[in-house]
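Engineer: Can you look at this prediction? I've put the sequence above it.
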Amino acid sequence: MTNIKFDTSALKSFVKTNELNEIKPMLNTARDELVNGTGVENKMRQWMTLPTDYDQDEFTRIKKAAKKIQSDSKVLVVIGIGGSYLGAKMALDFLHDNFYESMSEDEREYPQVVFAGNSISGSYVNDLIKFLGNKDFSVNVISKSGTTTEPSIAFRIFRELLVKKYGQAEANKRIYVTTDAKNGALRQEVNENGYESFIIPDGIGGRYSVLSAVGLLPIATSGADIDELMKGAADAQEHYMNTSLEDNGALQYAAYRNILYRKGYTNEILENYEPNLRFLAEWWKQLAGETEGKDEKGIYPSSANFSTDLHSLGQYIQQGMRNLMETVVKIDQHKSDIDVPVTGDNNDGIQYLEGRTMNYVNDKAFQSVIIAHTNGGVPNMVVSLKDQTEYSLGELIYFFEFAIAVSGYLNGINPFNQPGVEDYKSNMFALLGKPGYEDLKKKIEKDM
Ligand SMILES: O=P(O)(O)OC[C@H]1O[C@](O)(CO)[C@@H](O)[C@@H]1O
């Protein structure tokens, strides 16, 4: 097994063999804290066994709901932010064609999945309402807390739109809620209105939730195979939970990125050579950033899309401040390929590429960048993924979740909380005049 290979061959000039041996006892302690549940906040580890231990009845209901949406809607509006958004968006992009979401109604077999509630932009929401026009649509609102401002506002707007279009009773049948089992405003609304609902289990935080109903309903609605996704994740669970450092790419990734971090490579760039992997990095950035960035430490997660960003960020990466490390997610078997056309002339200077394919050129770019950036003082790691299937994505999700959680324990922080996110929220509530924030409002206004 495993469709993932973790390659550190480009790290030779940055990490000596003994360094892996030296960090191994600490890594194993971190791994044991995670796997055996002896670490802090251990109740938030339910994602670890989710691929094999999930509610089968709910899984069946998710597939049924996806079928209903496919039969009665042209568009599914998914409302959520952070972990209640990024996993589904990442998976949809990863699994479908680059222009899948732009296909017209007649061309598509399954509903278009669009997102809302992931910003506070009035223009975006107006554009989306315009786009929906007369199209039949349903709404999947996702929020673990049920109280996050961005999705709450969006849900009000799109629920109102549904009621206006279909009437209250039919609108209620087009609303799918994914939230906490008992708590929060959304659960209360489910109880009052009888919406179809799905549960985000207590022990799964937003950024670890893509393999729960949070990701599964939008992914299934888009026509992707969630059985295969879970199968890949289940096989990854079996592998990464039960193998030691020598055979475990996720543990190796956790070890090497921390060795590098301790040498001053404090910023990690997750990179790809496929445009539809852009949101993989956006998902990973929340996973890594919210997990590790606390107690005034942690690797800063960033991303770049190649070769696009070689023509923008490339200069900085090659010669800027030397605190960067790169992790490339590389696809081994591409979905498709195309020849460089044979024209019989060399006016554009690329006749030497005739007979080659675009993926061949892309692969040479990948190799060249590793050589250049390594020579420029930027350590490179490579996560190679066999292909862009549901099975491989399931594995990849588990690989990163496991590695980042171990990495958090290794760096001596609580990997499963995110207290820092609350500060801006409190200020915003105070400035907006939310009841209960009067004192903070006064304090802010005094300091302004
Ligand atoms: O699902 P919820 O409760 O709306 O939260 C959304 C996101 O907001 C955060 O709590 C941070 O603000 C994330 O951790 C979470 O993924």
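Structural biologist: The structure has been received and is ready for your questions.

Engineer: residues near the residue in the stretch 151-300 of the chain that the ligand sits nearest to, how many?
Structural biologist: In the stretch 151-300 of the chain, the residue that lies nearest the ligand is residue 206 (2.4 Å; C-beta to the nearest ligand atom). No exception for glycine: its C-beta is placed from N, CA and C like everyone else's. When counting by other C-beta atoms under 10 Å, one arrives at 25 neighbours for residue 206.

Engineer: quick one: contacts for it?
Structural biologist: Listed by C-beta atoms under 8 Å, 6 or more residues apart in numbering, the contact set of residue 206 reads 82-84, 144, 214, 286.

Engineer: What of residue 388?
Structural biologist: 94-95, 274, 276, 331, 334-335.

Engineer: Repeat that for residue 101.
Structural biologist: 92, 112-114.

Engineer: Any regions of the protein where pLDDT drops low?
Structural biologist: By pLDDT under 70, the weakly predicted segments of the chain are 1.

Engineer: Next, give phi and psi for the closest residue to residue 387 other than its chain neighbours.
Structural biologist: Excluding its sequence neighbours, the residue lying closest to residue 387 (C-beta to C-beta, 6 or more residues apart in numbering) is residue 333, at 4.4 Å. Main-chain torsions, residue 333, degrees, to the nearest 10: phi -110, psi 110.

Engineer: let's have the chain start at 2 instead
Structural biologist: From this message on, residue numbering opens at 2, which makes the last subject residue 334.

Engineer: Could you measure from residue 334 over to the ligand?
Structural biologist: Separation of residue 334 from the ligand (C-beta to the nearest ligand atom, to the nearest Å) stands at 32 Å.

Engineer: before we move on, the earlier item: identify the residue spatially nearest to the residue of the stretch 152-301 of the chain closest to the ligand, adjacent ones excluded.
Structural biologist: In space, and not counting its chain neighbours, residue 207 is closest to residue 84: 2.5 Å by C-beta to C-beta, 6+ apart.

Engineer: That neighbour is in contact with residue 209, isn't it?
Structural biologist: Yes. With contact defined as C-beta atoms under 8 Å, residue 84 counts as touching residue 209 (7.2 Å).

Engineer: in the chain, which residue is closest to the centre?
Structural biologist: residue 284 (2.2 Å; C-alpha atoms, centre = their mean).

Engineer: That one falls within a helix, correct?
Structural biologist: Yes. Assessed by DSSP: H, G, I helix; E, B strand; the rest coil, residue 284 belongs to a helix.

Engineer: Hmm, residue 422 is touching residue 295, no?
Structural biologist: No. Counting by C-beta under 8 Å, residue 422 stays clear of residue 295, with 10.3 Å between them.

Engineer: okay, those two: which has more neighbours?
Structural biologist: residue 295 (18 against 10).

Engineer: Please report phi then psi for that one.
Structural biologist: The phi/psi pair for residue 295 (degrees, to the nearest 10) reads phi -160, psi 170.

Engineer: so what's it up against?
Structural biologist: Residue 295 neighbours (C-beta under 8 Å, 6+ apart): 414-415, 418-421.

Engineer: Show me what it is bridged to.
Structural biologist: Beta-bridge partners for residue 295, by DSSP bridges, are residue 298.

Engineer: Tell me the residues on the stretch 252-401 of the chain that lie near the ligand, please.
Structural biologist: Taking C-beta under 6 Å from any ligand atom as the contact definition, the stretch 252-401 of the chain meets the ligand at residue 291.

Engineer: Strands along the stretch 252-401 of the chain, start to end?
Structural biologist: For the stretch 252-401 of the chain, the strands defined by DSSP state E, counting those that start in this stretch cover 268-273, 301-306, 325-332, 381-386.

Engineer: packing partners for the longest one?
Structural biologist: Translated: strand 325-332. Helices and strands touching strand 325-332, by 3 or more C-beta pairs under 8 Å, 6 or more residues apart in numbering; DSSP states H and E, are helix 250-263, strand 268-273, helix 359-376, strand 381-386.

Engineer: Turn these into TSV, including distance to residue 156 and mean neighbour count.
Structural biologist: TSV is the format used below for the helices and strands packed on strand 325-332 (distance: least, C-beta to C-beta, whole Å; neighbours: other C-beta atoms under 10 Å):
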stretch	distance to residue 156	mean neighbour count
helix 250-263	36	22
strand 268-273	31	22
helix 359-376	41	15
strand 381-386	35	21
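
Engineer: With distance to residue 346 added, can I get the ones you listed in TSV?
Structural biologist: Shown next, in TSV, are the helices and strands packed on strand 325-332 (distance: least, C-beta to C-beta, whole Å):
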stretch	distance to residue 346
helix 250-263	46
strand 268-273	33
helix 359-376	19
strand 381-386	37
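
Engineer: Residue 442: which of the ones you listed is closest?
Structural biologist: strand 268-273 (36.0 Å; C-beta to C-beta).

Engineer: The closest one - which strands sit beside it in the sheet, and in what orientation?
Structural biologist: strand 301-306 (parallel), strand 325-332 (parallel).

Engineer: For residue 428, find the nearest of these.
Structural biologist: strand 301-306 (22.7 Å).

Engineer: Show me how far the closest one is from its chain's centre.
Structural biologist: 13 Å (C-alpha atoms, centre = their mean, to the nearest Å).

Engineer: Report the inter-axis angle for that strand versus helix 250-263.
Structural biologist: Our comparison of strand 301-306 with helix 250-263, counting by axes from the mean of the first three to the mean of the last three C-alpha atoms, to 10 degrees, yields an angle of 110 degrees.
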